[in-house]
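Chemist: Give me the fold of what follows.
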Amino acid sequence: MTDIKLIETECIDTTIELLEKYKDSEYMVQRIKNHITINLKNTLENEFKNYEERIIRMTYLNNEQQVFIQVFLSKNKYFYLPNNNLFYEYNGTNYLIIKEDDIIHNLLSSISKDRILLQWKHKTKTNIIKQIKERNLFNSIPETETIQNVLNVLYPAFFSSKNAAKYFLTIIGDNILKKNQNIIFLVTQATKQFLNEIDNVALLSIGNNNSIHNFMTKYHENHSYEYCRLIKMNDNFSNDLWRELLKKIGLDLLCVASHYSKRYENSDKFIENNSDEELENYTYYLKYNTQKCIVDEFVSEYTLSYDGFSIEWKNIHFVWKLFLSNNNLQNIIYSNVLKQMLKERYSYEESTDTFLGITSIHLPIYKNFLKFWEVNMEINSNIDNPTIFDNEFEVDELSFLFKYWIKEYNQQNFEYHNVNITEENIVKILKHFFPNVEIIENKYVLNVTCKIWDKIKDIDSSFQFIKEKIKDEYKVELISFDDSYNFYHKFCNLNSIKNIVSKHYFEKYLYYKLNDFIVYEKFIKTSYFLC
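Modeler: Next up is the predicted model:
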């Protein structure tokens, strides 16, 4: 605070000093008098007037600047992340990465339109950029439309309920904001691929490589059940489609996830305070159970105790996998631990690796399928020989053949005559009992042949029919794959052939059989059929 008394003293002392210095000069004394009584008075009055005008102008411009900044930042929702030095814009529907130069261009254009702040253009720009850099992206609050757009992508395509989708988003938000570092989330391998796409988006858009670090595809004995959570997703999705969706809503998803993490505090709090009972029980399945409780549940629901019955370890291990699969559980107990726990419950015969006095109602149909496979299917041994056609069967074809074999041939000595086996369970059987069989996309079983359906023979037989049709109906040098397949289809119908190969298989065989006669990828030279 200014000391008025001190200033008064300094002014008086200076005046006295000047008067003393020039006391012998009447001219200088008169000049001092004029400067103090006339010039100084006018100068100070002008300076004070100018000062007051500057203060008023500064106050006005400051107020105008504050209003401009407030309105500009309200109309233009810009945000920033210091870790990657990127700016973001939120238009009320989508979050977008934006260049700083584009923000400055918009800002300077707005200032120029305002005109009042033209002389403060640089100062205003610097002030606004500074304030934008203080607006962290993850402090933004998405509008309802943005949240619903993200949820509509996730539910029902990937999650069975909106609550499950919200829970998943909260987990991702926790990871972005570095919460719940001790929690482990168990997911399937397919789900991990889904998550990897999110991680790629997070790395590119927000510079975060920590968004899925605690999602695990395998349970490890070092993981305490207390800190394990289960995530259930629909695994039947296309990675390519998901990748395209993330290009549109990836950044929105991450921002909604961070918002949910702050809104619900963390993923565990969401389950405790906002989820339904079904979601809570599934998510906390491991937290609420011990290994003993889980094995008790398995034994109670999937096995039967009967004297005189027995079951091999490989079979009961398969039934255990069914229990896990049907309950959407990962392999949460090591097989050696499970085996030891079962040994403590049942008599065990080491030489045959068999448990005594136990069976399962879930096993007979699978044993029937194994018998069907043993009798009818053969695994090709020359799979590396390029001259051998790598034959294949689709899983739905195997399901049909199994049911046909049982009914058509009236098979005897089956433990159980139910033939309603699902395609998913066929895949599980093959993966468990025949790990060397190659299965692609859980749909195509490669390098196998079947005694009751020779696909190649059927196609070869149709070639004579196709030849006759070409002679009668074709006057051109080429026939398309589509037309060829249609002729094959007619041949099967005319000859009451019930099993018809798929177009995929038919074309695959054509590429193998007629490779030298194929042109333009999907056409066959008719000269082949006219030879």
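Chemist: Who are the packing partners of the helix or strand hosting Ile32?
Modeler: Secondary structure assigned from DSSP states H and E places Ile32 in helix 26-34. Helix 26-34 is packed against helix 4-21, with contacts defined by 3 or more CB pairs under 8 Å, 6 or more residues apart in numbering; DSSP states H and E. In this view, the C-beta of every residue, glycine as well, is placed from N, C-alpha and C.
Chemist: Show residues contacting the helix it packs on.
Modeler: Applying CB atoms under 8 Å, 6 or more residues apart in numbering, the set of residues contacting helix 4-21 from outside is 29, 32, 36.
Chemist: Let me know the secondary structure of Leu96.
Modeler: Classification of Leu96 into helix, strand or coil gives strand, according to DSSP: H, G, I helix; E, B strand; the rest coil.
Chemist: That one: what's it in contact with?
Modeler: 88-90, 251.
Chemist: Quick check: it vs Glu145, distance?
Modeler: Distance of Leu96 to Glu145, computed by CB to CB, to the nearest Å: 15 Å.
Chemist: quick revisit: taking the contacts of Leu96, please make a ChimeraX selection of just the buried ones.
Modeler: Of these, the buried ones can be selected in ChimeraX as follows, counting by 16 or more other CB atoms under 10 Å:
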select :88,89,90,251
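Chemist: Make TSV from the contacts of Leu96 and add pLDDT, distance to Ile466 and secondary structure to it.
Modeler: Formatted as TSV, the contacts of Leu96 follow (pLDDT from 0 to 100; distance: CB to CB, whole Å; DSSP: H, G, I helix; E, B strand; the rest coil):
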residue	pLDDT	distance to Ile466	secondary structure
Tyr88	97	61	strand
Glu89	97	61	strand
Tyr90	97	61	strand
Leu251	97	54	helix
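Chemist: just the contacts of Leu96 now: which is nearest Tyr167?
Modeler: Leu251 (20.6 Å; CB to CB).
Chemist: Skip the chain neighbours and tell me the closest residue to the closest one.
Modeler: Of all residues not flanking Leu251 in the chain, Tyr95 sits nearest, at 4.4 Å (CB to CB, 6 or more residues apart in numbering).
Chemist: Could you pull up the residues touching that neighbour?
Modeler: For Tyr95, the contacting residues are 88-89, 137, 140, 142, 146, 251-252, 255, by CB under 8 Å, 6+ apart.
Chemist: which residues does it bridge with?
Modeler: Beta-bridge pairing of Tyr95 under DSSP bridges involves Tyr90.
Chemist: In the stretch 51-200 of the chain, what residue spans correspond to strands?
Modeler: Using DSSP state E, counting those that start in this stretch, the strands assigned to the stretch 51-200 of the chain run over residues 77-81, 86-90, 95-98, 184-186.
Chemist: mind giving me JSON lines with the ones you listed and columns for distance to Arg243?
Modeler: Formatted as JSON lines, the entries for the strands of the stretch 51-200 of the chain read as follows, by distance: least, CB to CB, whole Å:
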{"stretch": "strand 77-81", "distance to Arg243": "23"}
{"stretch": "strand 86-90", "distance to Arg243": "21"}
{"stretch": "strand 95-98", "distance to Arg243": "18"}
{"stretch": "strand 184-186", "distance to Arg243": "22"}
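Chemist: of those strands, which approaches Val448 most closely?
Modeler: Ranking the strands of the stretch 51-200 of the chain by proximity to Val448 (CB to CB) places strand 184-186 first, at 32.9 Å.
Chemist: what's in contact with the closest one?
Modeler: By CB under 8 Å, 6+ apart, the residues outside strand 184-186 that reach it are 171, 214-217, 219, 223, 227-231, 286, 330, 332.
Chemist: For the chain, which residues score under the pLDDT cut-off?
Modeler: Under the criterion of pLDDT under 70, the regions of the chain flagged as low confidence span 1-2, 53, 56-64, 113-118, 120, 381-387, 409-419, 474, 531.
Chemist: per-domain residue ranges of it.
Modeler: Under the assignment automatic domain parsing, the domains of the chain span 13-140, 144-288, 291-360, 366-450, 455-528.
Chemist: Of these, which stretch is the most buried?
Modeler: Sort the domains of the chain by mean neighbour count, taking mean count of other CB atoms under 10 Å, and domain 144-288 sits at the top with a mean of 18.
Chemist: can you tell me the distance between the two ends of it?
Modeler: The first and final residues of domain 144-288 sit 35 Å from each other (CA to CA, to the nearest Å).
Chemist: if I pick the closest residue to Asn91 other than its chain neighbours, what's in contact with it?
Modeler: Across the structure, with CB to CB, 6+ apart as the measure, the residue nearest Asn91 apart from its sequence neighbours is Lys77 (7.5 Å). With contact set as CB under 8 Å, 6+ apart, Lys77 has these partners: 89-92, 140.
Chemist: Check Ala164 too.
Modeler: Contact analysis of Ala164 by CB under 8 Å, 6+ apart lists 155, 232, 279.
Chemist: Identify the residue nearest Ile69 in space, chain neighbours excluded?
Modeler: Closest to Ile69 by CB to CB, 6+ apart is Ile128, at 5.6 Å.
Chemist: Now for that neighbour: which residues touch it?
Modeler: With contacts defined as CB under 8 Å, 6+ apart, Ile128 is in contact with 69, 72-73, 107.
Chemist: follow-up on the earlier one: going by distance to Leu530, which of the contacts of helix 4-21 wins?
Modeler: The shortest approach to Leu530 among the contacts of helix 4-21 belongs to Ile36, at 125.4 Å (CB to CB).
Chemist: How is that closest one assigned, secondary-structure-wise?
Modeler: In terms of secondary structure, Ile36 is helix; the call rests on three-state DSSP.
Chemist: which residues touch the residue lying closest to Val437 once chain neighbours are set aside?
Modeler: On the basis of CB to CB, 6+ apart, the spatially nearest residue to Val437 that is not a chain neighbour turns out to be Leu430, at 5.2 Å. Listed by CB under 8 Å, 6+ apart, the contact partners of Leu430 are 437, 439, 445.
Chemist: so which helix or strand takes in Leu430?
Modeler: Under DSSP H and E, the secondary-structure element containing Leu430 is helix 423-433.
Chemist: which is the next helix or strand following that helix?
Modeler: Once the chain leaves helix 423-433, the following helix or strand, as judged by DSSP H and E, is strand 439-440.
Chemist: other SSEs contacting the host helix or strand of Lys262?
Modeler: When elements are defined using DSSP H and E, Lys262 is found to belong to helix 239-264. Of the remaining helices and strands, those touching helix 239-264 by 3+ CB pairs under 8 Å, 6+ apart are strand 95-98, helix 144-154, helix 162-176, helix 189-206, helix 267-274.
Chemist: Could you check the angle the last one makes with helix 162-176?
Modeler: Pointing back at helix 267-274 there. 150 degrees (axes from the mean of the first three to the mean of the last three CA atoms, to 10 degrees).
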